[in-house]
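>>> give me a 3D structure for the following:
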Amino acid sequence: MTTGGKTITGQAIIFACLFCILGAPHAAAQSRSITPSVPDYRQAAPVDQDKGRTILEAIRTSAIDGDFYFEFQLILRPKGTSTRTIIPGRMWGSRNERGPVTRITLRPGSQNDERELLVQSGPQSAVWTYSRNNAKAAAAQLNPSAMFEPLAGTDLSAFELQMPFIYWNDHTYEGLRSGNFRVTHAFLMRPPVEIANARPDLTGVRLYYDEGYRTITVFEILGPGGAVKKTMRLKDFHKVSDMFFLRKAELRNETTGNGTDFNVLLTGVKLDLPRDIFSPEKLSVSVEPPPLKTLWKSR
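Below you'll find the predicted structure:
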């Protein structure tokens, strides 16, 4: 990566799905802030679907070194108003035999509003949730319909957290898209039967992969006629140890114009987290963050 005229080596690590980590070797870039590519549907040659499958497999199998922790804020920005709603959160991430796994606490410390999520990504994906205002109930696995319900009053849902569309089998590589000094690879992912039945208004997801940063920088959730319903954009990242982690992402509801920002405040890397905190049976047990002195503060 290039910033301030200096080349930085390491891993470029960001979220795909907000909370699903993708990692890769170092990449060359112009700055830490990423401007998504503008679609350019002109192709100089037929699109090579074999090349697309190779790129998609690299996206699916990316990983990082060790576990991680984020302290973050979700900031709800309703269109046409200066009102801002801030929802604090904590996140622990790792990888198991099924793929990336993330535990999320929304509104930690709030007895009535604290909510736990366990997001298992990969080909056999699943999401479980637990609410502390109903302590007698066990963690519940979300069905396909519940995956799309808003979280904490934002436009963010478990569907965006999990990003199951990375592993959908029905997909088309659409080739390169250029603009704003970046070039990305575009993929159109089509939902499987169980998702299509639960949400017939969801016709697909288009994702953009930046080969320079080696990560997904934008994905669009599509409705009838291919209209864009939601857009998730990677906005900025920061270096922690020898890796680069997401610092800011933005989810925009293209129908209402409302936005939800994801801002990282503190980051812990190369951790060795207890395996049982990523078990649905342990969602009712609170997890303490790493010691403050071991965390990196976003600047």
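
>>> what sits against Val269?
When contacts are counted by CB atoms under 8 Å, 6 or more residues apart in numbering, Val269 touches 66, 68, 240-241, 243, 245, 296. Using the backbone N, CA and C atoms, a C-beta is placed for each residue, glycine as well.

>>> if we use 6 Å, what do you get?
Applying CB atoms under 6 Å, 6 or more residues apart in numbering to Val269 gives the contacts 68, 240-241.

>>> ok, now Glu220?
Neighbouring residues of Glu220 by CB under 6 Å, 6+ apart: 206, 228, 231.

>>> and the buried ones among those residues, selectable in ChimeraX?
Of these, the buried ones go into a single ChimeraX selection, burial set by 16 or more other CB atoms under 10 Å:
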select :206,231
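
>>> out of the contacts of Glu220, which comes closest to Pro291?
Sorting the contacts of Glu220 by how near they are to Pro291, with CB to CB, puts Thr231 at the top with 36.8 Å.

>>> I'd assumed Arg252 was in contact with that closest one.
Yes: counting by CB atoms under 6 Å, Thr231 touches Arg252, with 4.8 Å between them.

>>> coming back round to it: quick check, nearest of the contacts of Glu220 to Thr217?
Closest to Thr217, out of all of the contacts of Glu220 and judged by CB to CB, is Thr231, at 11.2 Å.

>>> quickly list what that closest one is bridged to.
Glu220, Arg252 (DSSP bridges).

>>> from now on call the first residue 37
Got it, the first residue is 37 from now on, which makes the last one we talked about Thr267.

>>> what about it, distance to Thr119?
Distance check for Thr267 against Thr119: by CB to CB, to the nearest Å, it reads 22 Å.

>>> where does the closest residue to Ser161 other than its chain neighbours land on pLDDT?
Taking CB to CB, 6 or more residues apart in numbering, and ignoring the residues beside it in sequence, Ser161 has Pro200 as its nearest neighbour in space, at 4.7 Å. Pro200 is assigned a predicted lDDT (pLDDT) of 90.

>>> and the helices in the stretch 187-335 of the chain, which stretches?
Assigned by DSSP state H, counting those that start in this stretch, the stretch 187-335 of the chain shows helices spanning 194-198, 229-234.

>>> check which helices and strands the first one sits against.
The contact analysis (3 or more CB pairs under 6 Å, 6 or more residues apart in numbering; DSSP states H and E) places helix 194-198 against no helix or strand.

>>> just to revisit the earlier point, quick one: the residue nearest to Ser161 from Arg126, how far?
Taking CB to CB, one finds Pro200 at 23 Å from Arg126.
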